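> Only the shape, not the letters, is given here:
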């Protein structure tokens with residue numbers, strides 16, 4: 001970790017500069033993928049799975065048997081942790097539900113605000129270097145609470161052609177209606193246009209690499225709604241002497257391990273705290289399976 005003391009305005013601007021994505025070089029590649037999926041459907045998805053993920057896909061749709069077998073492999077303690085996280089997320093989002101009051105502004109004119117769920121939503125869950133089951137929880141839970149009738153999920157399989165059990169357990173817990181074994185820009189295209197297996201959805205949610213982000217931006221220009229173009233992961237923690245250094249370190253590392261381009265910042269005016277957090281970061285870093293990635297970000 002680098003320490004910068006009392007940066008001036010010019011230095012602060014450089015420190016806070018977000019990593020830039022080089023979209024131009026990927027634009028043609030992504031546009032070609034979108035066009036191929038739109039024209040050839042499942043055949044294009046299988047082609048790109050073999051080309052990019054080195055996986056031969058006979059079936060894109062996850063079967064109930066595959067789902068059940070995968071979930072049964074998950075350790076009990078991890079299941080409990082995922083359940084607890086899902087309950088916390090659900091509690092937060094249920095608190096946002098409200099009944100709207102109708103107001104008569106003038107005789108015969110009644111006004112109110114009404115919220116309606118999006119009927120069909122598609123969730124993209126990256127699967128490259130880690131199973132992001134937390135993303136499943138944060139996307140699928142509010143979708144079901146809102147009342148979305150169809151919640152489909154696309155995620156790339158591993159080299160063995162299977163999806164990580166934690167992703168499937170989280171999807172089952174949150175009421176995802178269908179899971180498809182496809183990833184990358186081609187998965188975004190599948191949900192945007194629909195294929196023989198993957199249904200067309202009304203809005204696409206979820207993070208991804210620059211190819212996924214660019215694919216979302218391009219289909220948005222064609223009338224498909226998206227959540228937002230997510231960039232590299234970032235976090236800024238402001239801490240003083242009342243904090244728990246181990247918690248601060250965990251918050252920093254949880255974002256640093258997303259990728260080497262993650263932006264991780266700690267702001268404090270307590271000199272003694274810096275060393276405590278630094279020690280905790282080094283200690284926790286040794287236990288991370290994604291140690292190299294987190295180190296690169298730091």
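Cool, the structure landed. In this text the structure is predicted, and so the values were computed from the model without any measurement.

> tell me which element residue 99 is part of?
Using DSSP states H and E, residue 99 sits within no helix or strand.

> Pretty sure residue 212 sits against residue 186.
No - in this structure, residue 212 is not within contact of residue 186 by C-beta atoms under 8 Å, at 9.6 Å. Quick note: C-beta positions are derived from backbone N, CA and C, even for glycine.

> neighbour count winner among the two?
residue 186 (29 against 23; other C-beta atoms under 10 Å).

> so that one makes contact with residue 33?
Yes - the criterion here is C-beta under 8 Å, and residue 186 meets it with residue 33 at 5.4 Å.

> Now for these two: what residues contact both?
Listed as contacting both residue 186 and residue 33 by C-beta atoms under 8 Å, 6 or more residues apart in numbering are 44, 48.

> Next one: residue 46 relative to residue 168, how far apart?
21 Å (C-beta to C-beta, to the nearest Å).

> Neighbour count for those two, which is higher?
It is residue 168, of residue 46 and residue 168, that has more neighbours when counted by other C-beta under 10 Å, with 27 against 20.

> excluding its backbone neighbours, what's nearest that one?
In space, and not counting its chain neighbours, residue 168 is closest to residue 70: 4.7 Å by C-beta to C-beta, 6 or more residues apart in numbering.

> and if you look at residue 222?
Excluding the flanking residues, the one nearest residue 222 by C-beta to C-beta, 6+ apart is residue 192, at 7.3 Å.

> how about the strands of the chain, start to end?
With strands called from DSSP state E, the chain shows them at 103-106, 109-111, 120-124, 150-155, 178-181, 203-205, 225-226, 234-238, 263-267.

> Output those in a markdown table; the columns should cover mean pLDDT and distance to residue 26.
Formatted as a markdown table, the strands of the chain follow (pLDDT from 0 to 100; distance: least, C-beta to C-beta, whole Å):
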| stretch | mean pLDDT | distance to residue 26 |
| --- | --- | --- |
| strand 103-106 | 95 | 49 |
| strand 109-111 | 95 | 46 |
| strand 120-124 | 97 | 17 |
| strand 150-155 | 96 | 19 |
| strand 178-181 | 96 | 23 |
| strand 203-205 | 97 | 18 |
| strand 225-226 | 95 | 17 |
| strand 234-238 | 92 | 21 |
| strand 263-267 | 92 | 21 |
